[in-house]
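[1] build me a model from this:
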Amino acid sequence: MKITHLDALTVDFYRTNLIIVRLHTDEGLVGIAEATLEGQELAVQGAVAILGEAVKGKDPTRISQTIYELQRNAYWRGGPVTMTALSALEMAMWDVTARSLGVPVYALLGGQTRDRVRAYANGWYSGAVTPEDFAEAALRTLATGFRGLKWDPFEAADLTVSDRDLDRMLEPVAAVREAVGDDIELFIEGHGRFDVPSAIKVARRIEKFNPVFFEEPCPPDGIDALMEIRSKSPVPIAAGERWFGRREFVPVLARQAVDFIQPDVTHAGGLLELSFISALAATYYVPFAPHNPSGPLSTAATLQLGATLPNFRYLEIMATDVPWRTEISDERVTLTDEGDIMIPDGVGFGIELNLEAIAEHPYTPHPMRIFDDAVADIRPDDARSYFVKPGD
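    Here you go, the predicted model:
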């Protein structure tokens, strides 16, 4: 079996565009993966095209050799665009290899350690404005089965935040905690907003809400800053979604800068690289909680890791999505009433695409909105749940 070509399909998904990469072979098998990178979709398409020329004629089952040679031969290495394209290639090679053998991808990664993973919901709060809005949205989300909720309450804060503004920003957090009770897990997102003293102040102020972690409290390019924040934070610190490859994760773990590690399978190198990062984290007893806010194939790949990695602690997943999420593929995500996502056992990643539905939602530019007041506008008004229940 040989690779004949790669192509990339773009699907408008409201706040971003999904990039779906297809790896075609001379035996008719097609492996699929996701290369979504918010705000950089066109650049990723170009990077995928370059990789397609480089792997033409290669055996898609020789995954480690191909990825090693591509990285070895590259003059410009790392970074979000290159690593996102490379991650998608690697995952598509796993998918087509598993398809050729008629097994799930996790069977090639060491087999299952579990049949479900604990999930927490992101995006559940879209459109909420008042503390009461957030509390009501939280209760609606819990009714679907989730037992964990994550959000960024910090509006347009940039490096610092006044006490008065912080008081206002934390009112929805207080309202949600009061509404859901103490048994529901809360996760507070920082999106890399704060400088060191502000991050420490925020961490101390949110302690009373007992969050599982405070995510990305400072910009992602400062390990010393992260270590200083963690040393003074009364709540656990999480980070990793904007690090690319093991070389960025090794010093973070070696210097004990985080309590939870959050690589993204679509950015940090693919399945083998995340497996390595997970094993490295396990040597420091750091739980693995991958970043996963994107589409069906990102979720499918992350679930394959959830099946195999002993220290996999949490799966991030969007509570609702655009109405056409259920149309562009045959994805079936099973959410239990205990807040777990079941591991699918289909061949490969267990997903087939609907190309006609994909074509109905072409590329649409979406600017990044982390530092404006629209950060909570993360889903359209007609967003809906896409989960099924066990037995459905």
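[2] secondary structure class for residue 23?
    Assigned by DSSP: H, G, I helix; E, B strand; the rest coil, the conformation of residue 23 is strand.
[3] beta-bridge partners for it, please?
    On the basis of DSSP bridges, residue 23 is bridged to residue 6, residue 31.
[4] relative to residue 347, how far out is it?
    Using CB to CB, to the nearest Å, residue 23 is found at 15 Å from residue 347. C-beta coordinates here come from the backbone N, C-alpha and C atoms, glycine included.
[5] show me which of the two is the more surrounded one.
    Just comparing residue 23 and residue 347: by other CB atoms under 10 Å the higher neighbour count belongs to residue 23, 26 against 18.
[6] just the pLDDT for the residue found closest to residue 94 once you drop the neighbours it is linked to in the chain.
    In space, residue 94 comes closest to residue 105 once its chain neighbours are excluded; the distance is 5.1 Å by CB to CB, 6 or more residues apart in numbering. According to the prediction, residue 105 has pLDDT 98.
[7] how many other residues sit next to residue 178?
    With neighbours defined by other CB under 10 Å, the count for residue 178 comes to 12.
[8] now the strands: where do they sit in this protein?
    With DSSP state E as the criterion, the chain has strands at 3-12, 17-25, 30-34, 116-122, 148-151, 185-189, 214-215, 237-239, 260-261, 315-318, 333-334, 340-342, 387-388.
[9] circling back: hmm, the residue nearest to residue 94 is touching residue 348, no?
    Yes - counting by CB atoms under 8 Å, residue 105 does reach residue 348; the two are 6.0 Å apart.
[10] now do the shared contacts for those two.
    Residues touching both residue 105 and residue 348 (CB atoms under 8 Å, 6 or more residues apart in numbering) are 94-95, 98.
[11] out of the residues you listed, which end up buried?
    Neighbour-count burial (16 or more other CB atoms under 10 Å) applied to those gives 94-95, 98.
[12] need those in a markdown table (columns: distance to residue 312 and pLDDT).
    Shown next, in a markdown table, are these (distance: CB to CB, whole Å; pLDDT from 0 to 100):
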| residue | distance to residue 312 | pLDDT |
| --- | --- | --- |
| 94 | 17 | 98 |
| 95 | 20 | 98 |
| 98 | 19 | 98 |
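[13] which members of those residues are positioned in helices?
    Assigned to helices by DSSP state H, the following of these qualify: 94-95, 98.
[14] and which of the residues you listed is nearest residue 4?
    If you rank these by distance to residue 4 using CB to CB, residue 95 comes first, at 15.6 Å.
[15] gap between that closest one and residue 319?
    The gap separating residue 95 from residue 319 is 26 Å, by CB to CB.
[16] can you give me the helices in the protein?
    Counting by DSSP H, the chain has helices at residues 41-55, 63-73, 80-101, 131-143, 163-180, 196-206, 223-232, 246-254, 271-283, 296-308, 355-359.
[17] looking at the ones you listed, spot the one closest to residue 341.
    Minimum separation from residue 341 across the helices of the chain (CB to CB) falls at helix 296-308, 6.7 Å.
[18] pull that closest one out as CSV, backbone CA atoms only.
    Provided in CSV are the C-alpha atoms of helix 296-308 (Å, rounded to 0.1, in the frame of the first residue of the first chain):
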residue,chain,number,x,y,z
PRO,A,296,-15.4,15.1,15.4
LEU,A,297,-12.0,13.8,14.3
SER,A,298,-10.1,15.6,17.0
THR,A,299,-12.5,14.0,19.6
ALA,A,300,-12.2,10.6,18.0
ALA,A,301,-8.4,10.7,18.1
THR,A,302,-8.3,11.9,21.6
LEU,A,303,-10.7,9.1,22.7
GLN,A,304,-8.3,6.5,21.2
LEU,A,305,-5.7,7.9,23.6
GLY,A,306,-8.2,7.8,26.4
ALA,A,307,-8.6,4.1,25.8
THR,A,308,-4.9,3.4,26.2
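[19] now for it, which elements pack on it?
    Under the contact criterion of 3 or more CB pairs under 8 Å, 6 or more residues apart in numbering; DSSP states H and E, helix 296-308 touches strand 30-34, helix 80-101, helix 271-283, strand 315-318.
[20] put together JSON lines for these, with distance to residue 207 on each row.
    What follows is the helices and strands packed on helix 296-308, written out as JSON lines (distance: least, CB to CB, whole Å):
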{"stretch": "strand 30-34", "distance to residue 207": "36"}
{"stretch": "helix 80-101", "distance to residue 207": "33"}
{"stretch": "helix 271-283", "distance to residue 207": "24"}
{"stretch": "strand 315-318", "distance to residue 207": "22"}
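[21] so residue 154 sits against residue 199, correct?
    No - Residue 154 is beyond contact range of residue 199, at 10.6 Å (criterion: CB under 8 Å).
[22] tell me the contacts of the closest residue to residue 344 other than its chain neighbours?
    Spatially, and ignoring its direct neighbours in sequence, residue 344 is nearest to residue 350 (4.3 Å; CB to CB, 6+ apart). Neighbouring residues of residue 350 by CB under 8 Å, 6+ apart: 104, 300, 344.
[23] who wins on neighbours among those residues?
    When those are compared by neighbour count (other CB under 10 Å), residue 300 ends up highest, at 26 neighbours.
[24] got the contact list for the closest residue in space to that residue that isn't next to it in sequence?
    In space, and not counting its chain neighbours, residue 300 is closest to residue 349: 4.1 Å by CB to CB, 6+ apart. Shown in contact with residue 349 (CB under 8 Å, 6+ apart): 32-33, 91, 95, 98, 105, 297, 300-301, 304.
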